[in-house]
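>>> quick one, structure for this:
(chains A, B and C)
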Amino acid sequence: MTDLNEPQRIAVAHESGPLLIFAGAGSGKTRTITYRIANLLATHRIAPYRILAVTFTNKAAQEMRHRLTSIVGEEIGRDLWIGTFHGTCAKLLRRHYEAAGLTSSFIIYDDADQKAVVNRLLRDLGLDDKQYAPKYVLSLIGAAKRDGIDPSETPLGDGFDRNLVKLGEEYQAVLKRSNAVDFDDLLLRVLRIVEDPDGPAGRELRRKFDHVMVDEFQDTNMVQYRIVRALSASTRNLCVVGDDDQSIYRWRGADVRIIRGFRTDFPETRIVKLEQNYRSTANIVSAALGVIARTSYREPKELWTAEPAGEPVVVRAVNDERAEASFVASTIQRSRQNGADPRSQAIFYRIHAQSRVLEEALRGAAIPYQIIGGMKFFERAEVKDMLSYLRLIENPQSDTDLMRVINVPARGIGGKTVSRLLDLAAENTNSLIVALEMALADSQFSGSANKKLKSFFDLLNDLRVAKESLTPAELLERILEQTGYRSLLEKDDTAESDARLENLAELVGSLREYEAEAPDTGEALTLAGYLERVALVAAVDTMEDAPAVSLMTVHSAKGLEFDQVWLTGMEEETFPYRGLDGEDPEELDEERRLAYVAITRARKQLFITHAGARFLFGRTKYLSPSRFLDDLPPEAVRREGEVTPRQSYLGGSSWGGASRGSSGRASPAWRSGYTPGGRNPGWDQTSQASAGGRVAQASLQLEPGERFVEREEGSDEAHVDADFDVSDGREPIVVRPGQKVRHKKFGRGIVERVESGTTPTVVARFPGYGPKRIVAEFLEFE
DNA sequence: TACAAGCGCCTTTTT
DNA sequence: GGCGCTTGTA
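From the prediction side, this is the model:
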């Protein structure tokens, strides 16, 4: 511990009472917490199972446990309580399910499950899903729960809309019947238990831990805070670590005022500030400080570094997202040739939708990469089907899961039958499985429907019996066989079914992995344990230690660090992202903090790119550089490239605006602080055009529905090279041999021949299918 | 009842 | 661009 600086040493040694650590980016926070726990164990002889450390992701938890294990040994490391808020609460709830009105086999509903519940309620209650959009309903329910309010007890929506109140109540009722909890319930249930002065479970929990520690405390919400406060009420040994500058989850209910107000709740708290950054070069630190300095309120603190200036931060202007991607790919390529480790390279973007073009460029340059988050493995249909079977076997009352698989694979139970079953369940407020059992008992359905339902019911029972004697992975294999799911895919010998089979194999693999790993954390090997783990994985948890560049959103990057970082899409509207009500100054502050987080991830080199135009969500938008770029200190930065004028003629911010060619679109209000006239000539044009909202030049004006042919890479002359112009008068498409295309069924292919005629047709070759003649409009051109 | 195609919708960040 | 739902047809 001799390598610690003074504030770090104080934080480690502080052994009782509340402690608030403001830990700046790169200030050795993880090391400090780890040593602190090791110190509690070794010097103060605290029992490991009486220490709770809450981390932000499972990955962080894993790393912390790993580090501690290497210091204090495996046996002690295993007994420590280290996990995320949700993971920890799930674990506590597994022990005290009765106090929460659940059975031991309760399951966790994710967003998709929640949505399914609301949709079913809208159907049952005969409500309009436009007026009561599931997303909106769920956001109200979630907001209430994060305020500690259970919608089944306290009416939702300020007592105005009866239907909303009803939806809130019924939603909770369905979850209860399903023996399920959603993410917010997980926390709320534990809060109720731990704040209950009389219940035995609450009394037990309040005595359970000698020390409670919370990392990333700036991103906790009120319920989470109340939980840890209650858990540490008797000892007041609550140590919280965070950085208000890195608070980026306000939209999820996190409240930065909690960390700022901590000393009010705990007046005797000791405050430690870790302000020396050990991670980044001086140039990167000063770039970060430049951006964060303009936030409206910050806890006073001074991040500094003793590191040398290092390379300047490169700010690169490019024409569009393709040029951006090829810049990123080529600079990565170059550093790879200079021996850079791809593990320590990362590309960040504000939203997932930006990743596709980057991926393509990397693939084209043969650079190995991994994507963190985005379309997740566990969201694929076949994987969800199997998880539904597993969950249904664990917890037959889960209606959402029963609905999902009752006719998967197709077993002749159609919409009419299901609808009738739903009605039967609703009449007696039963879960579907109970309704089904009752209906079978007194033959409510006609001969054939009855038979099919019976065989489905029997199938589930068989599988439940099988569960007792099989490991989770074996059980999944059994499901794949017995439901006929696998043989169906095998029969359908297409590229798509092959991919699905592969995914299922991977799912079996993931179960096996669980079986192998569960003992490490002292976990009992159960199906419920696996399902819980699946429900609570975060995007970054899937990050592998492979020799590959990582691509992720800035949110996912929190807590990570890389030698080289490419921060893409630094334009107005992209970053800061133009939200639905983009005028909220608090939201702009949060975007600023998000940019700060992004910049401070870089150790040695930071490349920032911004494009003059970006094709996103099916539209080209013309964009000016992000205001955050104006806040970078010039001496730390090297500006490169420019946006060529052609790209900036259209001007104007254009969520659909530019294609109308109108000048009437006002700049968003929060843009008014932006001053045109930057240092780079390329910017001037863009920002002036944008600020003035000039009328688009006539020759480039587009009618609605029209768009230009996508350029071939590095060429403006696709028109000239074209062998054939497939055009329906509204959307010109250019096709020529060698062009890559995609078909819904055949997948990716290459055009061999183009045929003219009344309907434009091409002959394309698809791997695995051979050549096919296809009407052009059924193809996607890449 | 099952499947395929078409249409209309939305489009941040995630435990 | 992509998805989920609805519609139309075998």
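>>> and A:Leu102, what pLDDT?
As predicted, A:Leu102 sits at a pLDDT of 92.
>>> just say helix, strand or coil for it.
Secondary structure, DSSP: H, G, I helix; E, B strand; the rest coil: A:Leu102 is coil.
>>> from A:Phe562, how far out is the residue nearest to it when sequence neighbours are not counted?
Excluding its sequence neighbours, the residue lying closest to A:Leu102 (Cβ to Cβ, 6 or more residues apart in numbering) is A:Asn179, at 6.1 Å. The way it works is simple: take the backbone N, C-alpha and C, and place the C-beta from them, glycine included. Relative to A:Phe562, A:Asn179 is positioned 43 Å away (Cβ to Cβ, to the nearest Å).
>>> A:Ala143 touches A:Arg252, doesn't it?
No - using Cβ atoms under 8 Å, A:Ala143 is not in contact with A:Arg252, being 10.3 Å away.
>>> for the residue nearest to A:Leu102, the count of nearby residues, please.
Close neighbours of A:Asn179, defined as other Cβ atoms under 10 Å, add up to 20.
>>> what's it sitting at in phi/psi?
A:Asn179 adopts backbone torsions of phi 60, psi 40, taken as degrees, to the nearest 10.
>>> ditto for A:Ile433
phi -60, psi -40.
>>> I'd assumed A:Gly364 was in contact with A:Ala329.
Yes - under the criterion of Cβ under 8 Å, A:Ala329 makes contact with A:Gly364 at 7.0 Å.
>>> neighbour count winner among those two?
A side-by-side neighbour count of A:Ala329 and A:Gly364, using other Cβ under 10 Å, places A:Ala329 first with 23 against 12.
>>> quick one: low-confidence residue ranges for chain A.
Applying pLDDT under 70 to chain A picks out residues A:1-2, A:157-160, A:374-376, A:493-495, A:522, A:539-540, A:542, A:544, A:579-583, A:645-782.
>>> what residue in it comes nearest to DNA strand C?
Across chain A, no residue is closer to DNA strand C than A:Gly618, which sits at 3.1 Å (Cβ to the nearest atom of the strand).
>>> for that residue, list the residues it contacts.
Applying Cβ atoms under 8 Å, 6 or more residues apart in numbering, we find A:Gly618 in contact with no residue.
>>> quick one: A:Arg298 and DNA strand B, what's the gap?
The spacing between A:Arg298 and DNA strand B, counted by Cβ to the nearest atom of the strand, to the nearest Å, is 19 Å.
>>> tell me the secondary structure at that residue.
Quick answer, by three-state DSSP: A:Arg298 is coil.
>>> same deal with A:Val212?
With three-state DSSP as the basis, A:Val212 sits in strand.
>>> ok, which stretches of the stretch 1-150 of chain A are strands?
Under the criterion DSSP state E, counting those that start in this stretch, the stretch 1-150 of chain A contains strands at A:19-23, A:51-55, A:81-84, A:107-109.
>>> try the stretch 251-400 of chain A
Along the stretch 251-400 of chain A, counting by DSSP E, counting those that start in this stretch, strands occupy A:270-274, A:276-277, A:304-305, A:313-318, A:345-349, A:369-371.
>>> determine which stretch of these is the most buried.
Stretch with highest mean neighbour count among these: strand A:345-349 (a mean of 26; mean count of other Cβ atoms under 10 Å).
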